[in-house]
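S.K.: Make a model of this:
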Amino acid sequence: MSIGELCNREVVVAERSLSVTEMARLMRQYHVGDVVVDKAGWLLGIVTLDDLMEPLAEEIGEMARLVSTERHRETITRRQAA
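M.R.: All right, here's what the predicted structure looks like:
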């Protein structure tokens with residue numbers, strides 16, 4: 001099997017204004033591990049799935065902290081109401 005048979009010939013292009021989450025969704029939608037970033041037809045770079053891992057992990061951690069805080073507040077409110 002050659003590399004040509006493995007590669008995805010459709011190049012996915014995104015604008016630099018996309019958020020990390022939007023970029024991850026785009027990669028998932030097109031089943032790719034990297035996206036070309038451009039602005040007005042100029043190549044700015046390539047973002048890979050590996051590039052997104054740390055920022056996504058930070059976002060997930062922040063969401064987990066928020067959920068934990070809200071659960072704690074809800075528990076306290078229920079105890080006070082009882």
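S.K.: residue boundaries of the helices in this structure?
M.R.: Taking DSSP state H as the test, the helices found in the chain are 3-6, 20-30, 49-81.
S.K.: Comparing those, which comes out most buried?
M.R.: helix 20-30 (a mean of 14; mean count of other CB atoms under 10 Å). Where you see a C-beta, it was placed from the backbone N, CA and C, and this is true even at glycine.
S.K.: by how many degrees do it and helix 49-81 diverge?
M.R.: 120 degrees (axes from the mean of the first three to the mean of the last three CA atoms, to 10 degrees).
S.K.: hmm, who's touching helix 20-30?
M.R.: Helix 20-30 has contacts (CB atoms under 8 Å, 6 or more residues apart in numbering) with 8, 10, 12, 14, 18, 33-35, 47, 49, 52, 55-56, 59.
S.K.: how far away is E54 from E70?
M.R.: 25 Å (CB to CB, to the nearest Å).
S.K.: just V20 next, same as before
M.R.: Distance, V20 to E70, using CB to CB: 23 Å.
S.K.: hmm, back to that, so can I have CSV of the helices of the chain showing distance to G41 and mean pLDDT?
M.R.: Shown next, in CSV, are those (distance: least, CB to CB, whole Å; pLDDT from 0 to 100):
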stretch, distance to G41, mean pLDDT
helix 3-6, 26, 78
helix 20-30, 19, 92
helix 49-81, 22, 91
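S.K.: So which of those helices is nearest W42?
M.R.: helix 20-30 (18.0 Å; CB to CB).
S.K.: Quick one: distance of stretch 38-58 to the chain centre.
M.R.: Chain-centre distance of stretch 38-58: 10 Å, with CA atoms, centre = their mean, to the nearest Å.
S.K.: same thing with stretch 35-49?
M.R.: With CA atoms, centre = their mean, you get 16 Å for stretch 35-49.
S.K.: Please identify the buried residues of it?
M.R.: V35, V37, V47 (16 or more other CB atoms under 10 Å).
S.K.: before we move on, what about stretch 1-18?
M.R.: Buried-residue list, stretch 1-18, by 16+ other CB under 10 Å: A14.
S.K.: if we look at that stretch, which residues are touching it?
M.R.: By CB under 8 Å, 6+ apart, stretch 1-18 touches 23, 26-27, 30-32, 35-39, 44, 47.
S.K.: Cheers, nothing more for now.
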